[in-house]
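Asker: just coords:
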C-alpha cells in the first residue's frame, strides 16, 4: 500500500505517541508498504538531531508554530492547498491522521476532497489536559471538535477497550482497538546496573522509586513526589529518580535537590534506567494508553498506577503490579505506601510483570494496524463528505 501518515509529533521528539508512530511506520515499511510521514519541522530537525540512521520511509516536513503552554512541541499549520496539490499528483491509497491539530484538519479536508480513504487514531486526551492548563471551561467544546473530526474518518483506532467504551459513550463512531506493544529485548531486567544505582546514591538494598515521562502537571507529577515523600519518612534510604524533562523540572529540582533528575534518556540508556529501579510510579490520569507502563513491566518493575489505560489492560492487582482507584490521590498514596512495606512480595511481582510484557509484541500490533488500514483503503470510491 501507499500510506501517508500525518502527525504533529514524531521523532526526533521524545514522547509515547512519537515513539509509537515511529515503531508502526518502520513496521509498515518492513512489510513492503510505501510510507510517507507528513509532520511539522521540529527544533531538533533544525539542529540536525533527527538521528536514527537511514529511514525506510519518506518524510515531508512542513513549517509549524510552537504549541502554547507546551514548550518544545511544534504544531502544524493548515496547508490544505499544498496537501491537495501533492496528493492529486501522487495519490496515496490511504491517509492516516494521528493528531487532530491544524495539520490533521488540513489532511482531513484535502483527503476528503480527493476521495482518498482516511483513518485516524486517538492518542492523547487533549480535552482532559484542559483542566491542567486552565482550559477546563471549554472541555465540552474540545470533545465536540474531536468527535466531529474523528467521525469523518472511516475508522478511529484506540489503544484500549476502556477507551473505546468511553469514546463510544461520547458519540465517537467506527472505533477499533489497536493496542501498543513493548520491545522486551530492549526493556529487560538484564539491563539492571549496580554502577548506575551507585550514581543515584543507592546502596544495594536501598529501594529506588522511579518515574519516567514528561515532568509536567498533566502527568500528575506532584502526586508521584508526595507518594515518595511518605515512603521516605518510613524508609530514609529510599531514592527517587525522575527520567525526563518538562516545565515542572526546574522548580522540583530546586525544592528537592536530593532527588536524582536524569533528564531525557533514550535507547539502552533509558532501558538501563528503568531496570535499575525497583518501583515504578505513574500517577497520570490523562493517558490514552501509557507506553511507560508496559516498558516498566518489561523491565521487571513493581508498577503502581491508576486502574485505567495500560494499567487496566495488563496489570492484575497484587500479582504483576498495583492498581489504585482511578483519580483518587489518597488511594494512590496508600497503594505506594503499602507496597513499599511489602518488599518480600517484590521478586514474584517483578517476575510476573516481565512475563506479562513478553506477551505484548509489536509484531502483532503492527499486523493489526496494517489490516485495519487495508480495510480502510478498500473503501476507495465511496462518497465521503467533509464537514468543517
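Answerer: Everything's here; your move. Being a predicted model, the structure only gives us computed values, none of them experimental.
Asker: What strand or helix carries the residue lying closest to residue 113 once chain neighbours are set aside?
Answerer: Leaving aside its sequence neighbours, residue 113 sits nearest to residue 84 (C-beta to C-beta, 6 or more residues apart in numbering; 6.0 Å). For glycine as for every other residue, the C-beta is placed from the backbone atoms N, C-alpha and C. Per DSSP states H and E, residue 84 falls inside helix 80-89.
Asker: got it, and residue 348?
Answerer: Here residue 348 is assigned to helix 346-357, by DSSP H and E.
Asker: what's next to that helix, contact-wise?
Answerer: 182, 184, 187-189, 278-279, 294, 296-303, 314-316, 318-321 (C-beta atoms under 8 Å, 6 or more residues apart in numbering).
Asker: Recalculate using a threshold of 6 Å.
Answerer: Under the contact criterion C-beta atoms under 6 Å, 6 or more residues apart in numbering, helix 346-357 has outside partners 182, 184, 297-298, 300, 302, 314, 319-320.
Asker: Kindly report the same for stretch 141-160.
Answerer: With C-beta under 6 Å, 6+ apart, stretch 141-160 has contacts from 100, 117-122, 127, 164, 170-180, 288-289, 309, 313, 376, 379.
Asker: and if you look at stretch 189-200?
Answerer: Applying C-beta under 6 Å, 6+ apart, the set of residues contacting stretch 189-200 is 239, 241, 260, 271-272, 275-276, 300.
Asker: what's the distance between it and the middle of its chain?
Answerer: With C-alpha atoms, centre = their mean, to the nearest Å as the basis, stretch 189-200 stands 25 Å off its chain's centre.
Asker: Could you do stretch 74-84 as well?
Answerer: For stretch 74-84, the distance to the chain centre is 24 Å (C-alpha atoms, centre = their mean).
Asker: Please point out which parts of it sit buried.
Answerer: 74-80, 83-84 (16 or more other C-beta atoms under 10 Å).
Asker: swap in stretch 30-38?
Answerer: 33, 35-38.
Asker: now stretch 90-98
Answerer: Going by 16+ other C-beta under 10 Å, stretch 90-98 has these buried residues: 92-98.
Asker: Endpoint to endpoint, that stretch covers what distance?
Answerer: 20 Å (C-alpha to C-alpha, to the nearest Å).
Asker: pLDDT of that stretch, averaged?
Answerer: Averaged over stretch 90-98, pLDDT sits at 97.
Asker: Then stretch 261-281?
Answerer: Mean predicted lDDT for stretch 261-281 stands at 97.
Asker: which residues are contacting it?
Answerer: By C-beta under 6 Å, 6+ apart, stretch 261-281 touches 14, 186-187, 189, 191-193, 196-197, 207-211, 224, 241-243, 245, 253, 296, 299, 301-304.
Asker: now swap in stretch 215-229 and tell me
Answerer: So stretch 215-229 is contacted by 129, 132, 209, 211, 213, 240, 244, 246-249, 281, 283-286, 329, 332-333, 336 (C-beta under 6 Å, 6+ apart).
Asker: hang on, the earlier thing: now do the helix holding residue 84: which elements does it pack against?
Answerer: Judged by 3 or more C-beta pairs under 6 Å, 6 or more residues apart in numbering; DSSP states H and E, helix 80-89 is in contact with helix 102-114.
Asker: right, and the helix or strand after the helix it packs on?
Answerer: Following helix 102-114 toward the C-terminus (DSSP H and E): strand 118-121.
Asker: helices or strands up against that following strand?
Answerer: strand 94-97, strand 155-158.
Asker: ok, that strand: who's next to it in the sheet?
Answerer: strand 94-97 (parallel), strand 155-158 (parallel) (DSSP bridges).
Asker: Dump these into CSV; add distance to residue 106 as well.
Answerer: Putting the strands paired with strand 118-121 into CSV (distance: least, C-beta to C-beta, whole Å) gives the following:
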stretch, distance to residue 106
strand 94-97, 10
strand 155-158, 18
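Asker: low pLDDT regions in the chain?
Answerer: Residues of the chain that meet the criterion pLDDT under 70 lie in 47-53, 68-72, 124-138, 381-388.
Asker: May I see the domains of it written out as residue ranges?
Answerer: 2-181+362-377, 189-357 (automatic domain parsing).
Asker: Give the full set of residues in contact with the nearest residue to residue 116 once chain neighbours are set aside.
Answerer: Leaving aside its sequence neighbours, residue 116 sits nearest to residue 95 (C-beta to C-beta, 6+ apart; 5.4 Å). If you count contacts by C-beta under 6 Å, 6+ apart, residue 95 has them with 4, 107, 111, 116, 118.
Asker: all helices of the stretch 201-350 of the chain, in order?
Answerer: Remark: helices assigned in the stretch 201-350 of the chain by DSSP state H, counting those that start in this stretch are 221-234, 249-255, 267-275, 291-298, 309-314, 329-340, 346-357.
Asker: how big is the angle separating the fourth one from helix 346-357?
Answerer: Interaxial angle, helix 291-298 versus helix 346-357 (axes from the mean of the first three to the mean of the last three C-alpha atoms, to 10 degrees): 120 degrees.
Asker: chain center to helix 291-298, what's the gap?
Answerer: Worked out by C-alpha atoms, centre = their mean, helix 291-298 lies 11 Å from the chain centre.
Asker: Ok, the shortest one next?
Answerer: A distance of 13 Å separates the centroid of the chain from that of helix 309-314, by C-alpha atoms, centre = their mean.
Asker: ok, now the third one?
Answerer: Between the centre of helix 267-275 and the centre of its host chain there is 17 Å, according to C-alpha atoms, centre = their mean.
Asker: can you check the last one too?
Answerer: If you compare the mean C-alpha spot of helix 346-357 with that of the full chain, they lie 22 Å apart, counting by C-alpha atoms, centre = their mean.
Asker: so it versus helix 329-340, what angle?
Answerer: Using the same axes, to 10 degrees, the direction of helix 346-357 lies 110 degrees away from that of helix 329-340.
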